[in-house]
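1. coords please:
(chains A and B)
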Amino acid sequence: MENESIEDGIVALIKKAETELPSDVVNALKKAHKVEQGIAKTQIETILKNIDLAKKSGRPMCQDTGIQTFFVSIGIDFPYIDKIKEWIVNGVKKATKEVPLRPNTVDPFLGKNHGDNTGEQIPYINWDINDGTDVKIISFPKGGGSENMSKLGMLKPGVGIEGVKDFVVDEMIKAGGNPCPPTVVGVGIGGGADLSLKLGKKALLRPVGVRHNDKTIAAIEKELIERINKSGIGPMGLGGKTTVLDVHIEKAHRHPASLPVGIVVQCWADRRAEMIIHSDGTWEVK
Amino acid sequence: MEYHFDVPVSNEDIRKLNVGDIIYVSGKIFTARDEAHHMMLEKDNISFDPSEMALFHCGPLMKKENGKWKVVSAGPTTSSRMEIFEDKFIEKYGINVIIGKGGMGERTEKALQKYGGVYTAYTGGAGALAADRVDEVLGVYWLAELGMPEAVWIFKAKEFGPLVVAMDSHGKSIYRDIK
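-> Below is the predicted model:
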C-alpha cells in the first residue's frame, strides 16, 4: 500500500467531480433544453456547451471549484482507517496545483486565503462507519453562490407539512437567479437545527430524477418541483420553466416542540464523483 | 436583437439596448468582486483606466504557465453582493457595461439610467466556456493582498458572450418583471 498512489487517487476523484458532471444531471439539463424557449433556451444551451468543453479539455466546469467536501463511508475492517484523513488533505493540496482548483479557503478573521484549499476544519469530511473492508469516498465540491442561499427554518410544529412546503417554495422564489438555477434543492426535515441542514446536504447526493422510497415523501417532492417551477424564475433567473431540476427530501424524527427545516441549494453544476479504496490499497474512481 | 460591440461601448449604443437583447463584447474586461470594489472606491490613484473596459463580476481560476497567467475557468459570481458599492463605482469609474449573474437592485438600476449603462447576465457556472473567449491576460492588481478570486484581473476578450441585457439604461430590469 503506497500513500502516494492513494493521494493521486484523491486527485483523480476531485478532477472527475470538477470536470465531468454525472449523467443524471446532464440528462435532466438536456430535457430542460427541449422544453425551454428564447433566453431560457440559450442559458441551458450555454450550460451544455460548457459541460462538453470542460469534459473534453479537462478543465473545471466552473471557476468556483467549491469548498472541498467529502462523504466517507468506512468499512470497519479496512486496515488503514487512521490514514484516510491524511490522504484526503494531501490529495486536496495536490489537486489545487494539478487540476487546478481555485484557492477557496479564507480565514474568517484575517481574511487571508490559505492558498491550498485546506484550513481549519476544511476539507469538510463527513464520516460514516459500515460493515466491510472497503472505503467509499464521495467528492462533493460545494460552490459558494448556491450555498449562500441555504436556509434554516425553525418552524412551529402547528404549521404542519403544509407550512414546510410553503417555506421551501417561498425561500426558493426569494433566492431567484442567485444560486445559478436550474438548481437541485435538498430539504432536511426534523432532527435539530444542525441535523436538518446536514440531511439537506446529504439529500443532494441522491441522483437527479430518483424519488424518495417513501411514497408520501416522493409525492411531496414532486409537488415542490412543480410549485417552484411554476414561479417562472427559470434558468439564471432570466425567466423560464425550469427553476429546479429536482427536490430531494430526507427526514429525521423531531422534538415535539420543534419542526426544523434545513434547505441546501445546489447549482446546476451538481458535481459528484465516487472512489472506492480496497483493503490492499488499490482504488478506482467512477 | 443581437449586437456585437467593441469595448468601450459608446453611449449611443448603450442607449439602443433594451432588456432581452443579446450582446457579445470584444476588448478589455476587468474582474472585480466585493473586496476589489471596496478597495477601488477608497483609492484615489489606480494605474489602469476602468472607463475603457467592461466590468466583470468574477473570481477566476487562473494558472501560471511559463511565467504567463492563463485563465482556466472564469464564469460570473453573484452580482447582488456588489449592490452596496455599484452605484458609486459606476459614477467614479465611468463603467457602462457590467457582466454578472443573478441581477442587481434598485441603486444600480438608477445609476445605469443616470449615467447610461447596462447590466448583462452571463450564464452562471459556464466558466470553461468563458475562459475560452479570453485571448490574453493583460495584467493583475492586488494579487498578494486579495488572493486569486478577489484580485483585479484584466483580460483581453473576443466575442465574450452570449450576454443577456438584464437591466438597461431605460430603467427596465428583467428580474423585477419575473418576480
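
2. looking at chain B, which residue lies furthest from center?
-> In chain B, the residue that sits farthest from the middle, by C-alpha atoms, centre = their mean, is B:Asn66; the gap is 27.9 Å.

3. Next, count neighbours for A:Lys230.
-> 12 (other C-beta atoms under 10 Å in any protein chain shown). (Glycine included, C-beta is placed from N, CA and C.)

4. what does stretch A:15-23 contact?
-> Defining contact as C-beta atoms under 8 Å, 6 or more residues apart in numbering or on different chains, one finds that stretch A:15-23 is touched by A:51, A:54-55, A:58-61, A:65, A:95, A:98-99, A:101, A:139-141, A:207-208, A:269-273, A:285.

5. Doesn't B:Asp13 lie inside a strand?
-> No. Looking at B:Asp13 with DSSP: H, G, I helix; E, B strand; the rest coil, it is helix, so not inside a strand.

6. With adjacent residues omitted, what lies nearest to it?
-> Excluding the flanking residues, the one nearest B:Asp13 by C-beta to C-beta, 6 or more residues apart in numbering or on different chains is B:Phe5, at 6.2 Å.

7. Okay, and residue 163 sits in which element?
-> Using chain A here. Assignment of secondary structure by DSSP states H and E places A:Gly163 within helix A:160-175.

8. hm, I was asking about chain B
-> Applying DSSP H and E, one finds B:Leu163 within strand B:152-167.

9. ditto for B:Ile46
-> Using DSSP H and E, no helix or strand contains B:Ile46.

10. Skip the chain neighbours and tell me the closest residue to it.
-> Ranked by C-beta to C-beta, 6+ apart and with sequence neighbours excluded, the top spatial neighbour of B:Ile46 is B:Met40, at 6.4 Å.

11. mind checking which helix or strand that neighbour is in?
-> Under the criterion of DSSP H and E, B:Met40 resides in helix B:34-42.

12. And the host helix or strand of A:Asp52, what does it pack against?
-> Assessed by DSSP H and E, A:Asp52 sits inside helix A:38-57. Using 3 or more C-beta pairs under 8 Å, 6 or more residues apart in numbering or on different chains; DSSP states H and E, the elements in contact with helix A:38-57 are helix A:23-35, helix B:127-132, strand B:152-167.

13. If we ignore the residues flanking it in sequence, what's nearest A:Glu2?
-> Using C-beta to C-beta, 6+ apart and skipping residues adjacent in sequence, the residue nearest A:Glu2 is A:Gly281, 6.6 Å away.

14. Any figure for the gap between the one you found and A:Ile10?
-> Shown here: A:Gly281 relative to A:Ile10, a distance of 13 Å by C-beta to C-beta, to the nearest Å.

15. residue ranges of the strands in the stretch 1-150 of chain A, please?
-> Assigned by DSSP state E, counting those that start in this stretch, the stretch 1-150 of chain A shows strands spanning A:69-75, A:124-130, A:135-139.

16. now the angle from the last one to strand A:124-130?
-> On the basis of axes from the mean of the first three to the mean of the last three C-alpha atoms, to 10 degrees, strand A:135-139 is oriented at 150 degrees to strand A:124-130.

17. Off-centre distance for the strand holding B:Leu163?
-> 6 Å (C-alpha atoms, centre = their mean, to the nearest Å).

18. is the helix or strand where A:Val184 lies anywhere near chain B?
-> Using DSSP H and E, A:Val184 sits in strand A:183-191. No. If you take C-beta under 8 Å from any C-beta of the partner chain as the test, strand A:183-191 misses chain B, and the best it gets is 10.5 Å.

19. Extract the C-alpha set from that strand and format it as PDB.
-> What follows is strand A:183-191, C-alpha atoms only, in PDB (Å, rounded to 0.1, in the frame of the first residue of the first chain):
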ATOM      1  CA  THR A 183     -30.900  24.100  -9.100                       C
ATOM      2  CA  VAL A 184     -31.200  20.900  -7.100                       C
ATOM      3  CA  VAL A 185     -32.700  21.500  -3.700                       C
ATOM      4  CA  GLY A 186     -32.000  19.400  -0.700                       C
ATOM      5  CA  VAL A 187     -34.500  19.600   2.200                       C
ATOM      6  CA  GLY A 188     -33.900  18.100   5.600                       C
ATOM      7  CA  ILE A 189     -36.900  17.900   7.800                       C
ATOM      8  CA  GLY A 190     -36.700  17.100  11.600                       C
ATOM      9  CA  GLY A 191     -33.800  16.300  13.900                       C
END
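
20. ok, the closest residue to B:Met1 other than its chain neighbours - contacts?
-> Nearest in space to B:Met1, with sequence neighbours left out and distances taken as C-beta to C-beta, 6+ apart, is B:Asp21 at 4.8 Å. Contacts were defined as C-beta under 8 Å, 6+ apart; by that measure B:Asp21 touches B:Met1, B:Glu2, B:Tyr3, B:Val164, B:Val165.

21. do the same with A:Val72
-> Neighbour list for A:Val72: A:Ile84, A:Ile88, A:Ile125, A:Asn126, A:Trp127, A:Asp128, A:Val135, A:Lys136, A:Ile137, A:Ile138 [criterion: C-beta under 8 Å, 6+ apart].

22. can you tell me how far A:Leu110 sits from chain B?
-> A:Leu110 sits 12 Å away from chain B, going by C-beta to the nearest C-beta, to the nearest Å.

23. just the helices in chain A please.
-> A:3-19, A:23-35, A:38-57, A:84-98, A:144-147, A:160-175, A:193-203, A:215-230 (DSSP state H).

24. Check chain B too.
-> Ranges of helices in chain B, per DSSP H, are B:11-16, B:34-42, B:83-93, B:106-115, B:127-132, B:143-150, B:174-178.

25. Output those helices as TSV; include the columns mean neighbour count.
-> Below are the helices of chain B laid out as TSV (neighbours: other C-beta atoms under 10 Å in any protein chain shown):
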stretch	mean neighbour count
helix B:11-16	14
helix B:34-42	17
helix B:83-93	18
helix B:106-115	18
helix B:127-132	26
helix B:143-150	18
helix B:174-178	18
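
26. Would you reformat those as JSON lines and include distance to A:Ala193 and mean pLDDT?
-> Formatted as JSON lines, these follow (distance: least, C-beta to C-beta, whole Å; pLDDT from 0 to 100):
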{"stretch": "helix B:11-16", "distance to A:Ala193": "48", "mean pLDDT": "97"}
{"stretch": "helix B:34-42", "distance to A:Ala193": "28", "mean pLDDT": "96"}
{"stretch": "helix B:83-93", "distance to A:Ala193": "29", "mean pLDDT": "97"}
{"stretch": "helix B:106-115", "distance to A:Ala193": "33", "mean pLDDT": "97"}
{"stretch": "helix B:127-132", "distance to A:Ala193": "33", "mean pLDDT": "96"}
{"stretch": "helix B:143-150", "distance to A:Ala193": "30", "mean pLDDT": "93"}
{"stretch": "helix B:174-178", "distance to A:Ala193": "31", "mean pLDDT": "81"}
